[in-house]
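with the input below, show me the fold.
(chains A, B, C and D)
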Protein chains: 2
Amino acid sequence: MHETPPSLLALTTYLLSRVGKTARMRITERLAARDVRLWHMAVLAALADFGPHAQRDLAARLSIDPSDVVKVLDELAAADHVERARDPADRRRVVVTITPAGRTALADLTSEASAVQEGVLAPLDEDERARLHDLLLRLFAHLHEETVRER
Amino acid sequence: MHETPPSLLALTTYLLSRVGKTARMRITERLAARDVRLWHMAVLAALADFGPHAQRDLAARLSIDPSDVVKVLDELAAADHVERARDPADRRRVVVTITPAGRTALADLTSEASAVQEGVLAPLDEDERARLHDLLLRLFAHLHEETVRER
DNA sequence: CCAATTCATAGGTGCGAACCCATTATTGGT
DNA sequence: ACCAATAATGGGTTCGCACCTATGAATTGG
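Residues are numbered from 1 along each chain as shown, chains lettered A, B, ... in the order given. You can find the predicted model right below:
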């Protein structure tokens, strides 16, 4: 009585959206325990991986509205995970830098995410996980390509 | 400047949630052109695959709130895609049946979804698509197992 | 040096999804 | 015959997410 309709299970996109959704949900609720939302983590990751950004560049990189970047940064700054400073070269810009505390927090969040991932990918062995990751990465790259090209 | 942070790309769950989300978005907006939401399609699929259901059973199968089932059915009935009839054996129950028009609509929606799928899975060849589908199916089955067990 | 543009910021809006509660009809148990 | 449980229904709430607009400060181009 709880079986899912085969018509739906036959659609890879259905599985994708379904599995993706629960993955997202689980990570979200884990982060919520730390008073953090996904965007906070994404911003910290961007800063850690690519160095300081002007806010507009953060918005562009993460495909998020600039006005929403402000709100995320407000909270990250309040927790001392990032620092905001006027760019002396162009005083309209605010350049955002991750703090050591921010890096620590990011490492913590990443390990939380990995824990969740362990639960989601439980049925797969190492090889299969690697294969899945590779396939998804190619899909993502392709979709990302498309959405960037549209601008 | 539009590259996604490697820290995130390294997380399979991130890719899952990201790719899954755009898959969902694309299907959703396709269906919207037909004035249909995902739940409508899911309900039609359940009825087509498993035959008539009492509404409470539909709710259980699809893990959707019973009160939301009502609303979806209101719209499906208005479009003559399903028929509602009191169960003579238990007059509290309303047994829902898909109509021929409903089956036609479902076939139509399914082909729409396949078209979207073609776009999303474009970078993969046949073998890879099959492999991806298999992996996702196992993940889904596992997650579904868990959530059912919790009740 | 003025006008148009860019950036950060604050505030508000719309939408869909997921719940939750109260009501009414019907049933099954005692 | 009565009472507790179950079904469908209608109503409303909350929440997150994406988006949009206006404003002020700063810059750039003609």
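
please enumerate the helices of chain A.
Along chain A, the segments classed as helices by DSSP state H run A:6-9, A:12-33, A:38-50, A:55-62, A:66-78, A:100-120, A:126-149.

among those helices, which is nearest chain B?
helix A:12-33 (1.9 Å; CB to the nearest CB). Where C-beta positions appear, they are placed from N, C-alpha and C, glycine not excepted.

dump the closest one to PDB, restricted to CA.
Presented in PDB, the C-alpha positions along helix A:12-33 are these (Å, rounded to 0.1, in the frame of the first residue of the first chain):
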ATOM      1  CA  THR A  12      15.000   9.500 -13.700                       C
ATOM      2  CA  THR A  13      14.000  13.100 -13.200                       C
ATOM      3  CA  TYR A  14      11.400  12.100 -10.600                       C
ATOM      4  CA  LEU A  15      14.000  10.100  -8.700                       C
ATOM      5  CA  LEU A  16      16.500  13.000  -9.000                       C
ATOM      6  CA  SER A  17      14.000  15.500  -7.600                       C
ATOM      7  CA  ARG A  18      12.800  13.200  -4.900                       C
ATOM      8  CA  VAL A  19      16.200  12.000  -3.600                       C
ATOM      9  CA  GLY A  20      17.600  15.500  -4.000                       C
ATOM     10  CA  LYS A  21      14.800  16.900  -2.000                       C
ATOM     11  CA  THR A  22      15.300  14.600   1.000                       C
ATOM     12  CA  ALA A  23      19.000  15.200   0.800                       C
ATOM     13  CA  ARG A  24      18.400  18.900   1.000                       C
ATOM     14  CA  MET A  25      15.900  18.500   3.800                       C
ATOM     15  CA  ARG A  26      18.200  16.500   5.900                       C
ATOM     16  CA  ILE A  27      21.100  18.800   5.500                       C
ATOM     17  CA  THR A  28      18.900  21.800   6.100                       C
ATOM     18  CA  GLU A  29      17.600  20.500   9.400                       C
ATOM     19  CA  ARG A  30      21.100  19.500  10.600                       C
ATOM     20  CA  LEU A  31      22.300  23.000   9.900                       C
ATOM     21  CA  ALA A  32      19.300  24.500  11.600                       C
ATOM     22  CA  ALA A  33      20.600  23.000  14.800                       C
END
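
got the angle for that helix vs helix B:12-32?
Here helix A:12-33 runs at an angle of 120 degrees relative to helix B:12-32 (axes from the mean of the first three to the mean of the last three CA atoms, to 10 degrees).

just how off-centre is helix A:12-33 within its chain?
Distance of helix A:12-33 from its chain centroid, counting by CA atoms, centre = their mean, to the nearest Å, is 12 Å.

could you give the angle of that helix to helix A:126-149?
Going by the same axes, to 10 degrees, helix A:12-33 makes 90 degrees with helix A:126-149.

residues in contact with helix A:12-33?
Helix A:12-33 has contacts (CB atoms under 8 Å, 6 or more residues apart in numbering or on different chains) with A:8-9, A:37-38, A:40-41, A:109, A:112-113, A:115-117, A:119-120, B:13, B:16-21, B:23-24, B:26-27, B:113, B:116-117, B:120-121, B:129, B:132-133, B:136-137, B:139-140, B:143.

now do 6 Å
Residues outside helix A:12-33 that contact it (CB atoms under 6 Å, 6 or more residues apart in numbering or on different chains): A:8, A:112-113, A:116, A:120, B:13, B:16-17, B:19-20, B:23-24, B:117, B:120, B:133, B:136, B:139-140, B:143.

repeat for stretch A:42-53
Here stretch A:42-53 makes contact (CB under 6 Å, 6+ apart) with A:61-62, A:72, A:95-98, A:102, A:106, B:5-8.

give me the buried entries from those residues.
A:61-62, A:72, A:95-96, A:98, A:102, A:106, B:5, B:7-8 (16 or more other CB atoms under 10 Å in any protein chain shown).
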